[in-house]
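1. heads up, no residue letters with this:
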């Protein structure tokens, strides 16, 4: 898969998505009109991500969770951009140690990442990792809500877990905090693969719970 897309919302916010590396990680660059950008997951290919950023000023890089394929370019991009580095609190130390960076701020349930006119709500979704987070972009305009889920939610199911307890924790979180809160037209931007919507996935929730993955 070679995902390379750009979407502009009604308020001028641009969402760019690009797959990088051998695991087809999707990095997202969100830029409000006339403002600085936020990069979600500095994954495996610093050259491709530098090209994605181009002349934009990146104020913040958010890492959705601790798995290395999501931060392998973080040190390089941090040096290139001078951006503030943010991660979910339970995963921040592992990301810092693995990537050889300093995490400037940690976030968890109910926190917000605000950069100029961009406002991202943080949703804590442990289970795939202890500190996995999703980021909700709701412009309040005529556009659908956009959720950047890392490896917490994909087309066809939640992220990989290593015990029944972790699976239940993750699925409960996804159902309670995403499916029970947002409309069917809400767009899900996963850490790998193509986007989907809550409406496309909603009918499969019982099947996911029954199969246990």
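-> Arrived safely. What you are looking at is a predicted structure, and each value in this text was computed from that prediction instead of being measured.
2. in this structure, which spans are helices?
-> 46-53, 74-81, 89-99, 164-174, 198-202, 205-211 (DSSP state H).
3. quick one, which of the ones you listed is nearest to residue 115?
-> The closest of these to residue 115 is helix 74-81. By Cβ to Cβ, the value is 12.5 Å. All C-beta atoms are positioned from the backbone trio N, CA, C, and that covers glycine.
4. need the contact partners of that closest one.
-> Residues outside helix 74-81 that contact it (Cβ atoms under 8 Å, 6 or more residues apart in numbering) are 39, 42, 46, 49-50, 53, 57-58, 61, 63, 83, 85, 95, 99-101.
5. of those, which is the most crowded?
-> residue 42 (30 neighbours; other Cβ atoms under 10 Å).
6. related to what we said a few turns ago, between the helices of the chain, which gets nearest to residue 110?
-> When the helices of the chain are compared by Cβ to Cβ, helix 89-99 sits nearest residue 110, at 11.9 Å.
7. and the closest one with helix 74-81, angle?
-> Interaxial angle of helix 89-99 relative to helix 74-81 (axes from the mean of the first three to the mean of the last three Cα atoms, to 10 degrees): 90 degrees.
8. please renumber the chain so that the first residue is 20 from this point on.
-> Sure thing, new numbering starts at 20, so read that last one as helix 108-118.
9. in helix 108-118, what counts as buried?
-> 108-111, 113-115, 117-118 (16 or more other Cβ atoms under 10 Å).
10. that older thread, for the helices of the chain, which one sits closest to residue 201?
-> Proximity to residue 201 (Cβ to Cβ) singles out helix 217-221 among the helices of the chain, at 5.8 Å.
11. hmm, back to that, how about a markdown table for the buried residues of helix 108-118, with distance to residue 211 and pLDDT added?
-> As requested, these are exported to a markdown table (distance: Cβ to Cβ, whole Å; pLDDT from 0 to 100):
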| residue | distance to residue 211 | pLDDT |
| --- | --- | --- |
| 108 | 24 | 98 |
| 109 | 21 | 98 |
| 110 | 18 | 98 |
| 111 | 22 | 98 |
| 113 | 20 | 98 |
| 114 | 18 | 98 |
| 115 | 23 | 98 |
| 117 | 19 | 98 |
| 118 | 19 | 98 |
